[in-house]
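> make a model of this:
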Amino acid sequence: MAEVIVVGSREAAGALVAEAIERLVTGRPDAVLGLATGDTPLPVYRALAERVAVGLDLSAVRGFALDEYVGIPVTHPESYHSVIDREVVRPLRLNPASVHVPDGRPLGIETAGERYEDAILAAGGVDLQILGVGTDGHIGFNEPGSSFASLTRVKTLTKQTREDNARFFDSVDDVPIHSITQGLGTILRARRLVLLAFGAAKAHAVAAAVEGPLTASVPASAIQLHPRATVVVDEEAASMLTELDYYLDAFANKPTWDPVII
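Have a look, this model is predicted:
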């Protein structure tokens, strides 16, 4: 069972995860982070940026983004190359050469997944993977039906995912149809998973991921297979959890020797 932590706000979640990342980097300055995009991880990146502003050094940290759209220019403001640069690399003062995003260019796309897998393995694997969850239960761009053994590959986005992401574009018609994403098997190789979710719209997906059956129909349920997965949610996102009282009690009585997340 994943550890579930319920917080009062997105900002509180960001501070909690940023603190864990600071502990990780203190022990291993060149730690490898798995970087999610979208609105969900922004509180973490903002909390880390605040720590960088007062002296936290992340310059040796390495990173691997979860996914990228296929066929969108890397210079497009909503390409994940641009998003990661804007929201992670520059605010956290990371070395751009040490932060990787899947190659979504059509030329060479047939081998892009294999090349990304090789890069992750060459870096020694991901120490802490930050995840969000889609309203249909996807993580990364692993849509319902994705294999738990899947590695980085091209996926066709569902209508719901494209509609959810249309807020970043002029219209849903501008959202790319294909993506290249780390697979569920890739994600599960990370040494630590931290899944964040906020708002009532994510409540069903969170409950299905944490307490529902292990099923490819809910790709996020794959976190149940991981020995060190933590789910950080606000009260609205936690509202459909059957064992909510237990999660609250477990966190309130967490042993002092057991650090939060790391």
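> which residues in the stretch 51-200 of the chain form strands?
62-65, 67-69, 99-100, 128-131, 153-156, 178-181, 193-197 (DSSP state E, counting those that start in this stretch).
> most tightly packed of the ones you listed?
Of all those, strand 193-197 carries the top mean neighbour count, a mean of 27, counting by mean count of other C-beta atoms under 10 Å. Where you see a C-beta, it was placed from the backbone N, CA and C, and this is true even at glycine.
> right, and the strands of the stretch 51-200 of the chain - which one's nearest Y80?
strand 67-69 (4.5 Å; C-beta to C-beta).
> parallel or antiparallel, list what pairs with the closest one.
According to DSSP bridges, strand 67-69 has the following sheet partners: strand 178-181 (antiparallel).
> contact partners of the strand it pairs with?
66-71, 102-104, 109, 112-113, 116, 140-142, 152-157 (C-beta atoms under 8 Å, 6 or more residues apart in numbering).
> adding mean pLDDT and distance to A216, write the strands of the stretch 51-200 of the chain out as JSON lines.
Below are the strands of the stretch 51-200 of the chain laid out as JSON lines (pLDDT from 0 to 100; distance: least, C-beta to C-beta, whole Å):
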{"stretch": "strand 62-65", "mean pLDDT": "98", "distance to A216": "23"}
{"stretch": "strand 67-69", "mean pLDDT": "97", "distance to A216": "18"}
{"stretch": "strand 99-100", "mean pLDDT": "98", "distance to A216": "27"}
{"stretch": "strand 128-131", "mean pLDDT": "98", "distance to A216": "17"}
{"stretch": "strand 153-156", "mean pLDDT": "97", "distance to A216": "13"}
{"stretch": "strand 178-181", "mean pLDDT": "98", "distance to A216": "15"}
{"stretch": "strand 193-197", "mean pLDDT": "98", "distance to A216": "17"}
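> quick one: which of these is nearest D249?
Closest to D249 of the strands of the stretch 51-200 of the chain is strand 193-197 (C-beta to C-beta; 20.4 Å).
> for that closest one, which strands pair with it and how are they oriented?
Note on strand 193-197: by DSSP bridges, its sheet partners are strand 128-131 (parallel), strand 229-234 (parallel).
> and these: which comes nearest R189?
Judging the strands paired with strand 193-197 by C-beta to C-beta, what sits closest to R189 is strand 128-131, at 8.9 Å.
> any idea of the angle the longest helix out of those in the chain forms with strand 193-197?
Ranked by number of residues, the top helix in the chain under DSSP state H is helix 10-27. Relative orientation of helix 10-27 versus strand 193-197 (axes from the mean of the first three to the mean of the last three C-alpha atoms, to 10 degrees): 160 degrees.
> of the strands of the stretch 51-200 of the chain, which is nearest I187?
strand 128-131 (5.9 Å).
> which parts of the stretch 101-250 of the chain are helices?
109-122, 159-165, 184-188, 203-211, 244-252 (DSSP state H, counting those that start in this stretch).
> which of these has the lowest mean pLDDT?
When these are compared by mean pLDDT, helix 159-165 comes last with a mean of 92.
> could I get the buried residue list for it?
T161, R162, D164, N165 (16 or more other C-beta atoms under 10 Å).
> any idea how far the closest residue to S82 other than its chain neighbours is from T152?
Leaving aside its chain neighbours, S82 sits nearest to H76 (6.3 Å; criterion: C-beta to C-beta, 6 or more residues apart in numbering). H76 sits 21 Å away from T152, going by C-beta to C-beta, to the nearest Å.
> pLDDT wise, what is the closest residue to E163 other than its chain neighbours at?
If the residues on either side of it in the chain are set aside, E163 comes closest to V172, at 5.6 Å by C-beta to C-beta, 6+ apart. pLDDT for V172: 95.
> same check, this time on D85
In this model, D85 carries a pLDDT of 98.
> burial of the closest residue to it other than its chain neighbours, as a residue count?
Using C-beta to C-beta, 6+ apart and skipping residues adjacent in sequence, the residue nearest D85 is P96, 7.0 Å away. For P96, the neighbour count with other C-beta atoms under 10 Å is 11.
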